[in-house]
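In: A structural model of the following input is requested.
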Amino acid sequence: MAKYQSIAVIYGSDSSEWEVSCRSGEFTASRIDEFQYDVYEVFARFGQWHLVAMRKANSMRQAFPEGARPVVDKSDFSVIVLGEKIKFDFAYIMQHGAPGETGLLQGYFEMLGIPHSTCSAFVTTVAFDKYACKSYLRGQNLVKMAPDAVIHIGDDIDAFSSATIEKLGLPLFVKPTRGGSSFGITKVEKAEDLPAAIRFAFTEGELVIVEKAVKSQHELTCGVYRDGKEIKALPIIEIVSQTGWFDYDAKYNGLSQEICPAPVSGELTSLVQETSKRIYRYLGCKGLVRMDYLSAEDGLYFLEANIIPGMTNASLVPKMIRTSGQSITDFLTTIIENS
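Out: Reported below is the predicted structural model:
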């Protein structure tokens, strides 16, 4: 018998990733077991939370027209539909970016005592910030990390740029520390381009990380989760981008190959999977997390942890799940019942 009955899938966000989040949320809601759970789709953006669709167990999905969507009561995470008050048992968070990946949404659910699909508020906050996550892992001998420097909005960009190029050399990657889907990221190959790249990254956040580009042989990613008994790793994927790196066009406009299982040695596959499980355990993760890496001649380099990875039919994690021999529906049940 299922642990929960009313599952609220929350998507949309306050960030540039809100449309990607909607696609992930709609896909996830459509794949949750229709025989076990009542599924409610909640669109949440800038404090406005509305029920956009619902599907009772063994019933058809019912969408609510814009302008007539029930408002979610955030005081107890409930909604009234046709005179019936429905209090959600479980939150499946599919918000990419703020507040779903910043820890704020997790903190809200933890204060209400409502179980959810992701890491705790603390772990989410640490893992979502690229610099904080690297700093938390640094010195643990789990994996290599590219040398970096950080700059706060308001700092002297020109002075920082000169010092950073002297320290790290070229090429460099410039990234907002808190963000996803490659928004605000630039690869810099000429010194004169660094200040503009930093200003561009500041459009996505107030802290920017500049990393030395790793001369990699493979770009690899691995999903990790708990199945109720142990931490498990999914088959790894190699990403081969036509744009030179895994930018927005490569991710969402078909300009990359995502090969699963990755055509690399068994030794490298095992290294990526075991490293991913160790990082997951060390950070104290829950639910599904995807770890991204670069494999270079001198070892494996950690890029970032994705607390809420994309979940569309074309996303990386569903490919891993299918390659593992599981159905998406069974996998989502595992996440729900063991979060």
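
In: how is the protein divided into domains?
Out: Per automatic domain parsing, the structural domains of the chain span 6-117, 148-212, 214-337.

In: could those domains go into CSV alongside distance to residue 129?
Out: C-beta coordinates here come from the backbone N, C-alpha and C atoms, glycine included. Output for those, formatted as CSV (distance: least, Cβ to Cβ, whole Å):
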stretch, distance to residue 129
domain 6-117, 8
domain 148-212, 5
domain 214-337, 10
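
In: a markdown table for those domains, including mean pLDDT and mean neighbour count?
Out: Below are the domains of the chain laid out as a markdown table (pLDDT from 0 to 100; neighbours: other Cβ atoms under 10 Å):
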| stretch | mean pLDDT | mean neighbour count |
| --- | --- | --- |
| domain 6-117 | 96 | 19 |
| domain 148-212 | 93 | 18 |
| domain 214-337 | 91 | 18 |
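
In: residue 142 is nearest to which of the ones you listed?
Out: domain 214-337 (5.4 Å; Cβ to Cβ).

In: mind listing the strands for the stretch 101-250 of the chain?
Out: 148-152, 172-176, 186-188, 207-212, 216-226, 231-233, 237-241 (DSSP state E, counting those that start in this stretch).

In: give me the outermost residue of this structure relative to its centroid.
Out: residue 83 (36.0 Å; Cα atoms, centre = their mean).

In: ok so, going back, residue 123: which of the strands of the stretch 101-250 of the chain is closest?
Out: With Cβ to Cβ as the yardstick, what comes closest out of the strands of the stretch 101-250 of the chain is strand 216-226 (13.0 Å).

In: ok, the closest one: who's next to it in the sheet?
Out: Applying DSSP bridges, strand 216-226 is found paired with strand 231-233 (antiparallel), strand 237-241 (antiparallel), strand 289-296 (antiparallel).

In: now distance to residue 268 too, for the ones you listed, in CSV please.
Out: Shown next, in CSV, are the strands paired with strand 216-226 (distance: least, Cβ to Cβ, whole Å):
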stretch, distance to residue 268
strand 231-233, 13
strand 237-241, 10
strand 289-296, 6
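
In: right, and those strands - which one's nearest residue 327?
Out: Set against residue 327 and scored by Cβ to Cβ, those come closest in strand 231-233, at 15.7 Å.

In: what sits up against the closest one?
Out: 222-226, 272-274, 276-277, 280-281 (Cβ atoms under 8 Å, 6 or more residues apart in numbering).

In: apply 10 Å and report the result again.
Out: The contact list for strand 231-233 (Cβ atoms under 10 Å, 6 or more residues apart in numbering) reads 222-226, 269-270, 272-278, 280-281, 285, 289, 291, 320, 324, 334.

In: could you tell me the end-to-end distance of stretch 63-81?
Out: Counting by Cα to Cα, to the nearest Å, you get 12 Å between the two ends of stretch 63-81.

In: distance check, the residue nearest to residue 138 when sequence neighbours are not counted against residue 300.
Out: Of all residues not flanking residue 138 in the chain, residue 145 sits nearest, at 6.3 Å (Cβ to Cβ, 6 or more residues apart in numbering). Distance, residue 145 to residue 300, using Cβ to Cβ, to the nearest Å: 10 Å.

In: do the same with residue 84
Out: In terms of Cβ to Cβ, residue 84 sits 52 Å off from residue 300.

In: correct me if wrong: residue 2 contacts residue 336.
Out: Yes - here residue 2 reaches residue 336: they are 7.9 Å apart, a contact under Cβ atoms under 10 Å.

In: what is in contact with these two at once?
Out: Shared contacts of residue 2 and residue 336 (Cβ under 10 Å, 6+ apart): 33, 36-37, 89-90.

In: just those: which are in strands?
Out: residue 90 (DSSP state E).

In: so who does residue 102 touch?
Out: 13-15, 95, 121, 124-125, 128-129, 178, 307.

In: in TSV: these, plus distance to residue 105.
Out: TSV is the format used below for the contacts of residue 102 (distance: Cβ to Cβ, whole Å):
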residue	distance to residue 105
13	9
14	10
15	12
95	6
121	8
124	8
125	11
128	11
129	16
178	14
307	11
